[in-house]
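Asks: Provided below are the primary sequence and the corresponding predicted coordinates.
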Amino acid sequence: MADVIITKEEIAAIYPKVAETMADALGCDLEEVKPDASLIDELGAESIDFLDIVFRLERGFKVKIPRGKIVEEARGDLSESEFEKGGIVSEAGVARLKTFLSEVPAERFKTPMKVADIPRLFTTETFCKMVIRQQRVAEASGSAQPA
Amino acid sequence: MNNPTLTDSGLAGGVAIVTGGSRGIGRAVVQILAAAGMEVIFTYRENSEAASEVVAAAKDGKITSEVVDVRDAAACDAFVEKVIEKRERIDLLVNNAGVIRDNLLAMMPEEDVRTVLETNVIGTFNMTRAVVPHMISKRRGNIVNISSVSGEKGGRGQTNYAASKGAINAFTKSLAAELAPRGIRVNAVAPGVIETEMSRPVRELAGDQIQSRILLRRIGQPVDVAHAVWFLSSRFADYITGEILHVDGGFKME
C-alpha cells in the first residue's frame, strides 16, 4: 500500500476524541494520554486493550479498522521475508517502520527489534493516523458507489 | 431465612443471547434466564414453529427470537449489531447451538464431519467473536458454552461430535484466560445423556442399558442443564471461570 500523507491539522482535528477514547478504554486520566505516549510502556495497555481501543474508535468514527492488519500495513511494499527473519525486523524493515510510524520518537526504534515488540511503538497519534487512513478508505469506497 | 443475598442471582434486568434456543436444552436455558428476569434473545436456524412457541409462552415479551445460522460469521455480526442497537448491552452469551451426526468414523460422510464442526465449533467462534468486543468495552460479561460429556470421555460413533465438544472445552479455557483481565467469565456446561430430540437416536441406539451407566439411574432433563447455566451465569459463580461443569448424573462411558 502506498504511503498516504497525513497532515498535522488532520491529526489535531480528531486527536481530542481519540485521546478521550484511549482514556476510556484504558481507564486512565485524559491528562495522562499524550500524543507521543507509548500505549504499552507508558499507558499500560495490554493486547486486549488494543482490541477495545480499535472497537471504540470504529464506533466513534464510524469506520472499519481491519483487525491485526497494522503490521502488514506497516510493512508496505516489503515482502514478509524482506521485513523480518525469525521474528526479528530486518534493517530495511526498521527503516520502513520509521517512515510508517513517523510520529514515534526515533530513539524508541531499538535494534534488534522483535516483530512482537512493534506494538510497543504505537502511540496515541498512531491511532489517529489509523482512523484517518480508514476514513479515507471509507470516503473512497463511498464515492465509488452509485448515489 | 429470608436472606436476599441468597435469592438474588444478579441476572434480573440483564440481556442474554442464547444460540439454538427453540428446542431442547436451549429452550430450557431461554426459559430459566427469562424467569430470572433477563431479557433473552435466542437464535434458531429453521424451526420457526418451535421458536414461536417459546416466544409466545413468555407473556411479558422478554423473550424474542431471530433466525441466525451461526456458521455464517457475517450473519452473527449483523445479529449482534441489531441487539446492541436496541438494548445497548449484552450481559450473557450462551453458545448452545449444536448438531449431532453420529456414525463410525469409517462410515462417516465428509459432510457430517464438516456440518458438526462448522456448527458446534465455528458457530461458537462466530457468535463469541461478535459479542466479545461489546463485553470488553463494558468491562463485564459472561459466556457459557454448552459442551458435552463426549468432549472429555469420547464414545463410539462420536468422533466428529466429541472432537467438536473437546474443542469447545479448550476454547472455553483459553478464552477465559484472554478475557479475565476485563472481568469477563467464560465457562462451559457438559451435559451427559439428556432427554432431547437431538439425543434421541443416541439414546435409542444405547437402549435401556444406558441408565445402568448413569449413577443417578435416570436420563437428564433439559432443565437440569439449564440450572447449571443459570448458576454459572449468576453472581453465585462470580469467582468461577475456565471451568467445565459436568451435568451428567455421574455418567460413565464404556
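Replies: Yes, it's here. Values in this document were obtained by computation on a predicted structure and should not be read as measured data. Numbers count the residues shown, from 1 in each chain, chains lettered A, B, ... in the order given.

Asks: which non-adjacent residue is nearest residue 50?
Replies: I'll assume chain A. residue A:119 (6.8 Å; CB to CB, 6 or more residues apart in numbering or on different chains). Yep, even glycine has a C-beta here, placed from its N, CA and C like the rest.

Asks: switch to chain B, that's the one I care about
Replies: Closest to residue B:50 by CB to CB, 6+ apart is residue B:22, at 4.1 Å.

Asks: Could I get the buried residue list for the longest helix belonging to chain A?
Replies: Longest among the helix segments of chain A by residue count, using DSSP state H, is helix A:124-144. The neighbour-count check on helix A:124-144 (16 or more other CB atoms under 10 Å in any protein chain shown) flags A:124-134 as buried.

Asks: and the residue nearest to residue A:50, what does it touch?
Replies: Residue A:119 makes contact with A:39-40, A:47, A:50, according to CB atoms under 8 Å, 6 or more residues apart in numbering or on different chains.

Asks: what does residue B:190 give?
Replies: By CB under 8 Å, 6+ apart, residue B:190 lies in contact with B:147-149, B:151-152, B:165, B:169, B:244-248.

Asks: Return the set of residues that bridge with it.
Replies: residue B:246 (DSSP bridges).

Asks: counting contacts, what elements does the helix or strand where residue A:92 lies pack onto?
Replies: Taking DSSP states H and E as the definition, residue A:92 sits inside helix A:91-100. Judged by 3 or more CB pairs under 8 Å, 6 or more residues apart in numbering or on different chains; DSSP states H and E, the packing partners of helix A:91-100 are helix A:70-75, helix A:80-83, strand A:113-114.

Asks: quick one: secondary structure of the residue nearest to residue A:50?
Replies: Recorded secondary structure, residue A:119: helix (DSSP: H, G, I helix; E, B strand; the rest coil).

Asks: what's the neighbour count on the residue of chain A found nearest chain B?
Replies: Chain A approaches chain B most closely through residue A:55 (4.2 Å), counting by CB to the nearest CB. When neighbours are counted by other CB atoms under 10 Å in any protein chain shown, residue A:55 registers 19.

Asks: Contact residues of chain A facing chain B?
Replies: Residues of chain A found near chain B (CB under 8 Å from any CB of the partner chain) are A:25, A:46, A:48, A:51-52, A:55-56.

Asks: worst-scoring helix or strand of the chain, pLDDT-wise?
Replies: No chain in the question, so chain A it is. Between all helices and strands in chain A, the lowest mean by mean pLDDT, DSSP states H and E belongs to helix A:70-75, at a mean of 80.

Asks: meant chain B actually
Replies: helix B:200-206 (a mean of 77).

Asks: Could you name the helices and strands sitting against the following helix or strand past that one?
Replies: Next in sequence after helix B:200-206, counting helices and strands by DSSP H and E, comes helix B:222-233. Here helix B:222-233 touches helix B:24-35, strand B:92-95, strand B:141-146, strand B:184-191, strand B:244-247, going by 3+ CB pairs under 8 Å, 6+ apart.

Asks: Name every strand pairing with the second one and say which way it goes.
Replies: What that stands for is strand B:92-95. With DSSP bridges as the test, strand B:92-95 pairs up with strand B:15-18 (parallel), strand B:141-146 (parallel).

Asks: Many thanks, we can stop here.
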